[in-house]
Structure formats: C-alpha cells, structure tokens
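Participant: Have a look at this prediction, sequence included:
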Amino acid sequence: MVTPQTRQAFETAQPLTDNAVAVRGVSKNYGDVEALKNLTLEFPRGQLTSLLGPSGCGKTTLLKIIAGLLEPTAGEIEVNGKAITGPGPDRAFVFQDFALLPWASVMRNVAFGLELRGVAKSERESVAGKYIADVGLAGFENSFPHELSGGMRQRVGLARALSVDAQVLLMDEPFSAVDEQTRRKFQEDLLNLVQNENKTFIFVTHSIEEAVYVSDQIAILLPRPSRVSEIIRPSGFRDKGVDNIRRDPEYLDIVDEIWASLRNYVE
Amino acid sequence: MKVFGYRLPGMSSLLVWGLLWEIIGQSGMTFFIPPLSEVIATLFEVIGTPAFQKALYETAYAFGAGVFFAIVIGVPTGIFMGKSRLLDELLLPWVNMFLSAPLTALVPVLMVLFGFGMKSIIITTTLFAIWIIILNARAGVMQINRSLIDMARSFGASPWDAFFKIYVWAALPEILGGVRIGVIRAVKGVIIGQLLISIVGFGALFELYSSNFLMAHFWAVLIVLFALAFTISEFFAYLERRVAYYAAKR
Ligand SMILES: Nc1ncnc2c1ncn2[C@@H]1O[C@H](COP(=O)(O)OP(=O)(O)O)[C@@H](O)[C@H]1O
Ligand SMILES: [Mg+2]
C-alpha cells in the first residue's frame, strides 16, 4: 500500500535524469542565416556540459538564447522545468571578452551583479570579497581591469558570476583570450569548481582537448544545418585526478574520435 | 618646443605674440591696437568696477544656464539616438543640419518667440552648444562594447540602471569631448545673444567700448572672456584625460 507520505516523497523527488536546463526544438534565424535549426539538448544538474564545434556553428547563439539574451525564432528553453522568458537570477554568464566595467575597481566589478539586484553595499562587498579570494585575486580588490592580465580579468568575470549564486553558469569560450599556461590552470580550477559548487555548467569551447578534459557531457554541434551531431559522456577518467587525465587512454581515444568526426568540417 | 637646447614651458609662444602686440601698440600704427601693457593696466582697472561685475554676472548666468540645458537635454538625447535606430533615423538629419547651420540667423526668430530678455539669450546659448554634445554622446554610445550591455541585461539591470551605470559611463570620454567643444560654442552663443537680443552683459560692454573707441577697454574685456572660456574648456579637457585610461579599451 502506498501511504500518502511515500506518494508525496515520490512526487517531490526529482526524476532520475534531472535536467537543470532543457533546450527544446530551438531554431534561430538571423535574416537568411539559419544559425540553429530545431535543436534539442538537455543539461544534467550539477554537471558540466560542453558545446563543442567549429566556429560559426551557433554555439554563442545557443548560449545567449539559454541566457535569455536572444529570442529564439522557434522552440523554448526550460530552466528547472519552467520555460524562460528572458534573463533570470537562476543563470549567470561568463563572457569571452570578460565584459568588465573598465571604470570600476575589481571589487565593484565582482559585486556588480549583486549591485544590480539591489543588495546593500556592505553585504555585496563581503560576498564579492569572498569570491575574489576564491578565484585567487585577494589583494587586487582596488585594482582596475586595465591593470590586470587577461587571465586575471577572466577571474574577475568568473568571481562576478559566482557572486550572484546562480544555479546555472553559462561560459562562452571563457579561456580563449588567455595564454596556454593560464588556460591549463583555469581548466584544473574549473574541474574543482564543478566538484565543489553544486552548479550546472554550460561551457562553450572550440578546443577538443579542453572539452574532453573538463566535461561530464560533450555535445558536438555541426554547422549547415546546425544540429547536435553527437553526445559523448566521458566517464572513466574523471576521478583519476587532474594530473592523470591527459594521459588516460580513454581521454586520448575520445579526443581522436571527436577529431575524426569534426575534421570534415574544417576548411 | 626646444630653443638652443632649452625646453620652453608650454605656451611660451604667447610671449612672442604679446611682445609683438606691445611693439605695434607703442608704434602708434593704429588706434585699434593700444599697447598690451595699457590693455592689462585697463583690465585691472575695469575688473573692480560695478559695471564689469554686473556684466560678468549676467554673462555667467546666461552661459551657465545655457550650457546646463545643453548638457541635460543633449546628453540623454544623444544616448537615446545611439541606442535606438528609429530615433536616430528621425533626429540625425536635424542634428547635422543645426550643427552646421548659421545659427545667428535664427536669433531674430527666437526673439519673436521668446521675447527680448534673458530667456532668449539662454536659448541661443543652448542652441549653439547642444548639437555637438548630442552627436558626441551618440558616437560614444555607438561604440559601446555589445557584451557590456549583454552583461548588464544578464544580471537583470533595469533600463534606469543600464542608462546610469553603463551607457553614461561607457560613453563618458566622448561625452566630455562633446561638452568641451560645446562650451566653446556656448561662449560664442552667449555673446551673440547679448549683442543681438538685448544689450546686456559682456555684449553690452563690447558695444559700449567699441562705439566709444575705448579700445584698451575693449581688448581687456575680450582677454577676460578668452581666459574664462579657455579655463572652462581646459577643465573639461582635464576630465577627459582622467577617463582616457579606459577610452581605448571598452
Ligand atoms: N547578430 C548576428 N547577425 C547575423 N548573423 C549572425 C549574428 N550573430 C551570429 N550570426 C551568424 O550565426 C552563425 C552562428 O554564430 P555564433 O553563434 O556566433 O557561432 P559560434 O559561437 O559557434 O562561433 C554564424 O554564421 C554567424 O555569422
Ligand atoms: Mg562564439
């Protein structure tokens, strides 16, 4: 017999594959250009999903539609099971070009998301201060963006996105404008972030190695017409430690496999 | 500039021109140009007089009010033009036309519409200054980095916040540049207004001195006016330099 309590427990329990974000039949046209065509994709909660594909295949477009910054021509986006109508506090964006206020200090930049949400100054600065330290920028609170390196600027962008405590983090090629060493460090930090913060990450990249290194799930997008051609879930090497991943046979196999399916699209 | 290996301080060339002025004045070539020393002596004499101070007050008032309205109306108009395609298409031809139009010809029309008082002078001043302020604010907004706007939207900025926390600041270097040029045009506007509409302020002094052939007085007031205009425009140039560090990378 099913008691009311158990029934209630079943009803409130999340379904087995719990998706933080679902993209349903989304199309986007820019005039005559079909950037996305009837694209469907799900993003499991608490995991990092990469959108991987050659440039021009609509990755940024898809991410901006999920962010609510762009209106899809058809289809809809669900966040926590509810269709979105625009930007919301459940999502935060990390920009490829950092999108920092050049006239504001690191502290104000990191606290800016909270400032826009009307959080009192002392409160938002204590939250921002914590995340500035978390991303390794303690001591730079009063610096200005033009005084920082590219890598440090992106840490500011990341701290700003973390400060608003959104469940979904949208990252558009966040490491593409930083040098290779910094980039590797970022990738390791990102893995730790996914483990420690209970957030869903949607991560755009055009680097195969990067996608395989950081992702729980990789969606490969292909252009003309834009579609999800394949979903890959690396599973074997995730907990072997950041240092061993790049030597793992499964890691190398997946990189090869993805390259094999993408090479036809590289001019 | 360097002469014989010595670095000359800025504006040393003024000394040369001042000297030339003195020589021409002393030579008695034309009554129109009295010696610079005489002009400067007159300047200190004139500055203390109630007539001068009244003129200074009237001019500063009209100038201040005119510039105030030019900024308060011009900057938002420019920003909205930069934001909205529709508004831009609607207004840009007019702004460009007024920017290069001989505004002096409009002054009689203003007199008919707004009378012969301070109001018309202020409006004339505003009309001289506002167009370049609009155009520069517009140019400032058009070059704003798209992702700053996306950023503000993604964090839920209200239109009010976006305006005051993003647009105004991102366009500030251009806005200040526009205000600096607008202020110089406003000096022109206020004097033309005072000469044509009602003979008050510095305009009245110019009129009085030149019709009585008091050339030293005339030049003295003109020097004061130049100095004031120069100071104000340098002030805005200073502000512009303060924000120059981010003008290059937005
Ligand atoms: N604002 C726009 N207007 C017209 N076409 C656009 C616009 N933004 C993107 N596109 C086109 O849509 C396609 C996908 O662009 P984008 O999403 O930026 O790709 P990606 O991020 O994968 O490089 C490209 O062909 C691009 O030229
Ligand atoms: Mg892109």
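Facilitator: That came through fine. Ligands and ions are numbered 1, 2, ... in the order given.

Participant: Mind jotting down where the helices sit in the stretch 151-267 of chain A?
Facilitator: Secondary structure of the stretch 151-267 of chain A by DSSP state H, counting those that start in this stretch: the helices cover A:180-196, A:208-214, A:249-262.

Participant: what is the rounded mean pLDDT of the shortest one?
Facilitator: Which is helix A:208-214. Mean pLDDT, taken over the full extent of helix A:208-214, equals 91.

Participant: ditto for stretch B:23-36
Facilitator: Here stretch B:23-36 scores 86 as its mean pLDDT.

Participant: how far does it stretch from start to finish?
Facilitator: 9 Å (C-alpha to C-alpha, to the nearest Å).

Participant: Let me know which of the helices of the stretch 151-267 of chain A is tucked in deepest.
Facilitator: A comparison of the helices of the stretch 151-267 of chain A by mean neighbour count, using mean count of other C-beta atoms under 10 Å in any protein chain shown, puts helix A:208-214 on top with a mean of 23. Yep, even glycine has a C-beta here, placed from its N, CA and C like the rest.

Participant: residues making contact with that one?
Facilitator: A:48, A:50, A:52, A:175, A:183, A:187, A:190-191, A:194, A:203, A:205, A:218, A:234, A:245-246, A:251, A:254-255, A:258-259, A:262 (C-beta atoms under 8 Å, 6 or more residues apart in numbering or on different chains).

Participant: how far out from the middle of the chain is it?
Facilitator: Chain-centre distance of helix A:208-214: 13 Å, with C-alpha atoms, centre = their mean, to the nearest Å.

Participant: so what's B:Pro173 closest to, chain neighbours aside?
Facilitator: Counting by C-beta to C-beta, 6 or more residues apart in numbering or on different chains, B:Ala247 is the residue found nearest to B:Pro173 once chain neighbours are left out, at 3.8 Å.

Participant: now swap in A:Asn29 and tell me
Facilitator: By the measure of C-beta to C-beta, 6+ apart, the closest residue to A:Asn29 outside its immediate chain neighbours is A:Thr73, 4.9 Å from it.

Participant: Tell me, how many residues neighbour that neighbour?
Facilitator: A:Thr73 sits with 15 neighbouring residues when counted by other C-beta atoms under 10 Å in any protein chain shown.

Participant: Give me the spatial nearest neighbour of the residue nearest the centre of chain A, chain neighbours excluded.
Facilitator: Using C-alpha atoms, centre = their mean, the residue of chain A that lies closest to the mean C-alpha position is A:Ile202, 2.9 Å off. Taking C-beta to C-beta, 6+ apart as the measure, A:Ile202 lies nearest to A:Leu170, with 5.1 Å between them; neighbours along the chain are not counted.

Participant: for A:Thr205, same thing?
Facilitator: Nearest residue to A:Thr205 in three dimensions, chain neighbours excluded: A:Ala211, at 5.2 Å (C-beta to C-beta, 6+ apart).

Participant: do the same with B:His217
Facilitator: B:Tyr209 (4.3 Å).

Participant: So the one you found sits against B:Val221, correct?
Facilitator: Yes - using C-beta atoms under 8 Å, B:Tyr209 and B:Val221 qualify as a contacting pair, with a distance of 6.8 Å.
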